[in-house]
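Engineer: Quick one, what's the 3D model for this:
(one chain, ligands or ions: 1)
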Amino acid sequence: MKVFQVQLVQRQQVLQHDNQQSLLENLEQHNIPHEYQCRSGYCGACRTKLLQGKVSYRQPPLAFLQSNEILLCCCQVESDLILDL
Ligand code: FES
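Structural biologist: Residues are numbered from 1 along each chain as shown. This is a model prediction of the structure:
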């Protein structure tokens, strides 16, 4: 299983992420609350700026995303990430 580093620049914190759970769940486990509603790619509430790195989606999300944004509830991490969090 691949483990990625997810750097949260505003918090100056680095989390390990292995895609066994969503990034949103990983943040919550570390007591880092983040906005969410649907938790499945529809609403866009969990939208977050990706500063560096790559994610993918099992199904194209319905929520509108800028090219530098990701959905924490449903993206698959594909590389180490730097997030604007
Ligand atoms: S919580 Fe709705 S898109 Fe992520």
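Engineer: Flag every residue of the protein that's near the ligand.
Structural biologist: 36-39, 41-46, 63, 71, 73 (C-beta under 6 Å from any ligand atom). Just so you know, the C-beta spots here come from the backbone N, C-alpha and C atoms, and that holds for glycine as well.
Engineer: Just the helices from the chain, written as ranges.
Structural biologist: 23-29 (DSSP state H).
Engineer: Can you tell me which residue sits nearest the middle of it?
Structural biologist: With distances taken as C-alpha atoms, centre = their mean, L72 lies nearest the centre of the chain, 3.2 Å away.
Engineer: need the contact list for that residue.
Structural biologist: 22-24, 27, 34, 36, 46-48 (C-beta atoms under 8 Å, 6 or more residues apart in numbering).
Engineer: which of these count as buried?
Structural biologist: Buried by 16 or more other C-beta atoms under 10 Å: 22-24, 27, 36, 46-48, out of the contacts of L72.
Engineer: could I get these as TSV with pLDDT?
Structural biologist: Converted to TSV, those look like this (pLDDT from 0 to 100):
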residue	pLDDT
S22	98
L23	98
L24	98
L27	98
Y36	98
C46	98
R47	98
T48	98
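Engineer: Now flag whichever of those residues is closest to Q12.
Structural biologist: Using C-beta to C-beta, L27 is the member of the buried ones among the contacts of L72 that lies nearest Q12, at 14.7 Å.
Engineer: ok, the closest one touching L15?
Structural biologist: Yes. With contact defined as C-beta atoms under 8 Å, L27 reaches L15; the gap is 7.4 Å.
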